[in-house]
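In: Take a look and give me a structure for this.
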Amino acid sequence: MAYMLKAAAAAAAVAAESAVGLFSRLQTPVPKVRTFSTSLSSLQVAGPVWNLGRLNHVAIAVPDLEKAKAFYMDILGAHVSETVPIPEHGVSVVFVNLGNTKMELLHPLGNDSPIAAFLQKNKAGGMHHICIEVDDINAAVMDLKEKKIRSLSEEAKIGAHGKPVIFLHPKDCGGVLVELEQA
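Out: Numbering: from 1, shown residues only. Below you'll find the predicted structure:
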């Protein structure tokens with residue numbers, strides 16, 4: 001028995017010594033990495049007059065609003081709003097609450113709707129735009145015009161949330177239709 005205790009103690013000492021050796025190897029200093037900096041003047045960033053906020057929603061154009069609404073509510077169990085017609089934008093919308101953001105289901109309201117044109121090209125529907133909040137939409141519009149970013153209207157209009165919005169041209173936004181909304 002005493003022999004087994006001595007052997008166990010010796011094994012523990014060797015293990016501890018190995019662990020200390022391993023630990024000291026882990027603590028060896030890492031060589032410094034050289035960093036470089038770019039001049040902020042070469043980047044086009046939002047100035048101090050306005051700032052981007054959170055993602056407000058992702059908009060999905062749907063050919064059948066009631067079917068899409070039922071899918072998110074009945075199949076996925078999401079909280080879904082009532083259908084809201086917005087004639088000035090030519091759409092009917094349903095909001096799907098996702099907790100940290102929303103989805104906006106869009107359906108054409110009338111034949112002149114921009115969503116009708118989208119659905120002509122995309123029969124099954126699909127992602128239409130993303131909406132990002134800004135803290136000062138008027139300053140954002142002026143600043144983006146100076147930066148040669150085109151918008152789909154000259155000035156902001158009231159959107160589905162009752163707040164001013166403006167859409168930026170997808171050709172200036174990496175192929176994505178971007179909606180800015182006053183936070």
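In: quick one: which helix or strand includes the residue nearest the centre of the chain?
Out: What sits nearest the mean C-alpha location of the chain, by Cα atoms, centre = their mean, is Leu55, with 4.7 Å. Leu55 is located in strand 52-61, with elements delineated by DSSP states H and E.
In: again, but for Lys148
Out: Under the criterion DSSP H and E, no helix or strand holds Lys148.
In: Leaving out sequence neighbours, find the closest residue to it.
Out: Leaving out its chain neighbours, the residue that sits closest to Lys148 by Cβ to Cβ, 6 or more residues apart in numbering is Asp172, at 7.6 Å. For every residue, glycine as well, the C-beta is placed using N, CA and C.
In: Render the CA-only coordinates of stretch 134-141 in PDB, please.
Out: The C-alpha trace of stretch 134-141 is given here as PDB (Å, rounded to 0.1, in the frame of the first residue of the first chain):
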ATOM      1  CA  VAL A 134     -30.900  56.900 -38.900                       C
ATOM      2  CA  ASP A 135     -30.900  59.600 -36.200                       C
ATOM      3  CA  ASP A 136     -31.300  62.500 -38.600                       C
ATOM      4  CA  ILE A 137     -32.800  61.600 -41.900                       C
ATOM      5  CA  ASN A 138     -32.600  65.100 -43.400                       C
ATOM      6  CA  ALA A 139     -28.900  65.400 -42.600                       C
ATOM      7  CA  ALA A 140     -28.400  61.800 -44.000                       C
ATOM      8  CA  VAL A 141     -30.200  62.700 -47.300                       C
END
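In: what's the neighbour count on Val80?
Out: 20 (other Cβ atoms under 10 Å).
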